[in-house]
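Engineer: A structural model of the following input is requested.
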Amino acid sequence: SWQELTIYDATKAGTTGYDKLGYLDITGIHNAALAKNALALARIEDEDYNHATGKGNQVVFNATGQTSNASYLDTYGTTYTIDTTFTAGVPGAATLKTIYDGDDTANKQNGIRSQDNLAWSADGNVYLNEDRAISDNTAWGTQEGSVWKLDPTTGSATRFAQIDRTALPIDPLTGVAIPDTLASGSGSQSASGQWETSGVIDVSSLYGHVAGTDFFTVVQAHGLAAGPIASNNLVEGGQILKLSRTLPANTSSSKDASNNTTAVTFEYTGNKQVLRAQGNASLTNTTLTDINQQKKQLVDQTGVVLNSTQLDFTLNLEKQKDKNNADFYATSANAYVDLSLVGSDLNISKGKALAYYVGDATNGYKSFTYDPTKKEGARFFDTNGDGIADYAALRFVDGGYGDKDGIKNGSILDPGAAAAADSITASLSASGQSVLVKDATNADAKVAVNLKATLSTRATTANEIGYIVLNDGEAVTFSTLTDRAQVLFSNLQNGDVPDLSRFSFQRQFSLVNGQSLRFFETSNSTLSALAAGKTSIDGLGSGFQWLSSTVAGGLASFSSSSGINFKLELSGDALGLSQLLAQEQANAPLLDFTGMGGKTLSGSYIIAREASYNSSMSFYRVLDVLGTVKDTTTGLSYVPGDTSYAAVAKANTVSSLSNLAVANLQLGSGTITVNETSYLAPMAVVNGSDTFFAYAAANSDGLAHFRSLGDNIIGLEDMRGGGDRDFDDLIIQIAPTTLA
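Structural biologist: Just a heads-up that it's a prediction; the model follows:
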């Protein structure tokens, strides 16, 4: 609390402790304050408020310290914060906290000494100068004056810049360096710290940079007084300096075993931040910039607000060589970014609606939230298991709607940032034969909505359940169906199957608020097989049927004439590690390790078998969802159907996911530890002779022998020619738990 001091008494004018007018002198004020048990602050020097958004109620100030008055017991200086609660603009309770004590044993000569001027940057850190306030050089130590970065939460201090006293200016008349008089004296006058830093402000916004990047500060060179300084009647030498950090600062890259760039790591606001590239792409020109606040906008009219810091980078697609040694570029690639980089001020919490936008403040922003109709965009994942998204997966198509230059040229330009909305409440409703996923109040908010589908009963045949996503008012055509179709489940027969008690037949995925889904079923076949050579939906025949639904109580329930039943519901949690691994399983039976960025994924697996043939399953590295493999010796790439495909695929086998097997009618399990950055596709060896790969064109019978049965559940049909097409001869489910 504050206590008022009576500093004027006319009757005591000219007496001890008072001046001739009756005001307390400095000694009198000091003693009066101590009599009220005041906090004795040794030379209050400077203060600033927290410039981060919404933090203006927090103030930082310092006491430089002194040795001349023993009552203060503060030699090396102290930095404090005051955090005040306001109600209707009226200040209430406040907390005073010491965030840095220079007299702590661990600090003293090795830490911040005699804090002087300071600035509380919007990056969350306090930047401080050092004053020469201790006359005893032994106590001061051997370091020159510095500028420091101080974390006000942890008290961690980092030397940000330091004076170099050997950099003496040249006298233009004599051509000789102006002498430092304090370097040639004796005792304390000849030691370090005689020059001080003074005055520091964060000017990053003047240069269009993120806070904590650019500063102005001053050096007071107290020992420089000769030459033109003296002749021009000046007191001493000094400089006004601009200190800058180039973003990204402290950048380093890591590569996988195949020399593919997997991550770009850089220091930003004191924390390690990571941007990762898929194995067949690399990252360059990575920068973080503030979005000009005068031009920063709501990206639409629905309360979706853009993060104030955006990330700009170039994703360079690797130039590859096909089997004929001809150059080609991949058409798509993935990048992965920690949300702390592009969503730092969004206050992301459990269930918060997230989006992603690309563009710039001058030309405007366009939605880049993952759109299943385009099969590109940003999806959001929780990688630490707390139900809160912390990771963005960005899937690009060269020249597509996330590529700023719009040109198919092997280079994707992407300035963008995450966005969030607090007021999105989507629901499921029937819309003709489709299920509409929409917030009726904020229908245009381009945020991600997460869904979960659960299979409850199965059919007598091995059918496939799929879906397409439609935009508002869009009609279904044959090309819409065949271009957008994604697999939800490949259904196992309801009889003559292995023990499935520990398998979870679910699928979780996301779409954009306002889109609708239409579901279909194929019987004893796949849509691609039925559509071969056809030009209309009617031409698909009796093996294809649309599914209808009943929507009630927040659930959409589906049943088919074959006996399949499943339900669809909204999922409040973020997509997790399991969905990160299963990103592409609606398109191919793949494990997607492109987002793991050199980290190790740990987890478990369950494996079951219902077949007389002995079979084992392994996984091999592929470059894309089409199954392209790369010969690491020659550098040539092969696609399913090429003569050398089988040999190159086997050479890319992942040792930690090899020869997974179990006895007939048995259920087995185990643990996995995998460090990979590619897509991993399944292959199986049956009876020691036949080898089947994930792609039909790679198999000797030209048939698909693997199906995705749910998130990270893959089933095998082990007979050449398709057998009974039940895909339950060997079933494996991967369950990831940690990524570290």
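Engineer: quick one: the strands in the stretch 501-650 of the chain?
Structural biologist: Ranges of strands in the stretch 501-650 of the chain, per DSSP state E, counting those that start in this stretch, are 506-512, 516-522, 544-546, 549-552, 555-559, 565-570, 591-592, 601-609, 615-622, 629-630, 637-638.
Engineer: among those strands, which is nearest residue 76?
Structural biologist: strand 601-609 (46.4 Å; C-beta to C-beta). No exception for glycine: its C-beta is placed from N, CA and C like everyone else's.
Engineer: buried sites along that closest one?
Structural biologist: Neighbour counts over strand 601-609 (16 or more other C-beta atoms under 10 Å) mark 601, 602, 603, 605, 606, 607, 608, 609 as buried.
Engineer: burial count for the nearest residue to the second one once chain neighbours are set aside?
Structural biologist: The shortest distance from residue 602 to any residue other than its chain neighbours is 4.9 Å, reached at residue 738 (C-beta to C-beta, 6 or more residues apart in numbering). Counted with other C-beta atoms under 10 Å, the neighbours of residue 738 add up to 14.
Engineer: Could I get the contacting residues of residue 738?
Structural biologist: Neighbour list for residue 738: 385, 577, 601, 602, 603 [criterion: C-beta atoms under 8 Å, 6 or more residues apart in numbering].
Engineer: ok, now residue 381?
Structural biologist: Applying C-beta under 8 Å, 6+ apart to residue 381 gives the contacts 389, 390, 391, 392, 393, 574, 575, 576, 577, 579, 580, 595.
Engineer: Excluding chain neighbours, give the residue nearest to the last one in space.
Structural biologist: Yep, that's residue 595 we're talking about. In space, not counting the residues next to it along the chain, residue 595 is nearest to residue 336; the distance is 4.6 Å by C-beta to C-beta, 6+ apart.
Engineer: Same check on residue 536?
Structural biologist: Nearest non-adjacent residue to residue 536, counting by C-beta to C-beta, 6+ apart: residue 478, 5.3 Å away.
Engineer: Hmm, residue 534 and the one you found touching each other?
Structural biologist: Yes: taking C-beta atoms under 8 Å as the definition, residue 478 is a contact partner of residue 534 at 7.5 Å.
Engineer: For the nearest residue to residue 424 once chain neighbours are set aside, give the beta-bridge partners.
Structural biologist: Excluding the flanking residues, the one nearest residue 424 by C-beta to C-beta, 6+ apart is residue 353, at 3.7 Å. Counting by DSSP bridges, residue 353 is bridged to residue 421.
Engineer: number of nearby residues for residue 353?
Structural biologist: 26.
Engineer: can you check the one 4 residues further on too?
Structural biologist: The number of residues packed around residue 357, counting by other C-beta under 10 Å, is 24.
Engineer: tell me the contacts of it?
Structural biologist: Going by C-beta under 8 Å, 6+ apart, residue 357 touches 299, 306, 365, 366, 367, 368, 416, 417, 419, 446.
Engineer: Per-residue pLDDT of the residue nearest to residue 536, please?
Structural biologist: Per-residue pLDDT puts residue 478 at 96.
Engineer: May I have the phi/psi pair for it?
Structural biologist: phi -60, psi -40 (degrees, to the nearest 10).
Engineer: How about the contacts made by it?
Structural biologist: Residues near residue 478 by C-beta under 8 Å, 6+ apart: 531, 534, 535, 536, 537.
Engineer: coming back round to it: now render the contacts of residue 738 as a markdown table, adding distance to residue 556 and pLDDT.
Structural biologist: Shown next, in a markdown table, are those (distance: C-beta to C-beta, whole Å; pLDDT from 0 to 100):
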| residue | distance to residue 556 | pLDDT |
| --- | --- | --- |
| 385 | 28 | 90 |
| 577 | 26 | 94 |
| 601 | 32 | 92 |
| 602 | 35 | 95 |
| 603 | 30 | 95 |
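Engineer: on that earlier part again, pairing-wise in the sheet, spell out the partners of the residue nearest to residue 595.
Structural biologist: Residues in a beta bridge with residue 336, per DSSP bridges, are residue 276, residue 393.
Engineer: Let me know the distance separating it from residue 677.
Structural biologist: 10 Å (C-beta to C-beta, to the nearest Å).
Engineer: in the longest helix along the chain, what's buried?
Structural biologist: In the chain, with assignment by DSSP state H, the single longest helix is helix 26-35. The neighbour-count check on helix 26-35 (16+ other C-beta under 10 Å) flags 28, 30, 32, 33 as buried.
Engineer: next one: stretch 160-168
Structural biologist: Buried residues in stretch 160-168, counted by 16+ other C-beta under 10 Å: 160, 161, 163, 165, 168.
Engineer: Also stretch 439-448?
Structural biologist: Neighbour counts over stretch 439-448 (16+ other C-beta under 10 Å) mark 439, 442, 445, 446, 447, 448 as buried.
Engineer: which residues sit in contact with the first one?
Structural biologist: Yep, that's residue 439 we're talking about. 424, 425, 426, 427, 445, 513, 514.
Engineer: got it, and residue 573?
Structural biologist: Residue 573 neighbours (C-beta under 8 Å, 6+ apart): 350, 351, 382, 387, 450.
Engineer: Tell me, please, where in the stretch 551-700 of the chain the pLDDT is lower than the cut-off.
Structural biologist: Along the stretch 551-700 of the chain, the parts satisfying pLDDT under 70 run over 597-598.
Engineer: change it to 90
Structural biologist: The stretch 551-700 of the chain contains residues with pLDDT under 90 at 553-554, 560-564, 571-574, 586-587, 594-599, 623-624, 632, 635, 676-678, 688-689.
Engineer: in the stretch 451-600 of the chain, which spans are helices?
Structural biologist: 478-484, 527-531, 577-581 (DSSP state H, counting those that start in this stretch).
Engineer: One more: the stretch 251-400 of the chain?
Structural biologist: Taking DSSP H, counting those that start in this stretch as the test, the helices found in the stretch 251-400 of the chain are 339-342.
Engineer: what is the mean pLDDT for stretch 126-138?
Structural biologist: 81.
Engineer: hmm, back to that, tabulate the buried residues of strand 601-609 (a markdown table), appending distance to residue 474.
Structural biologist: Formatted as a markdown table, those follow (distance: C-beta to C-beta, whole Å):
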| residue | distance to residue 474 |
| --- | --- |
| 601 | 37 |
| 602 | 42 |
| 603 | 39 |
| 605 | 40 |
| 606 | 40 |
| 607 | 41 |
| 608 | 41 |
| 609 | 43 |
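Engineer: And for residue 340, the neighbour number?
Structural biologist: Using other C-beta under 10 Å, residue 340 has 16 other residues around it.
Engineer: For stretch 238-248, what does the pLDDT average out to?
Structural biologist: For stretch 238-248, mean pLDDT is 78.
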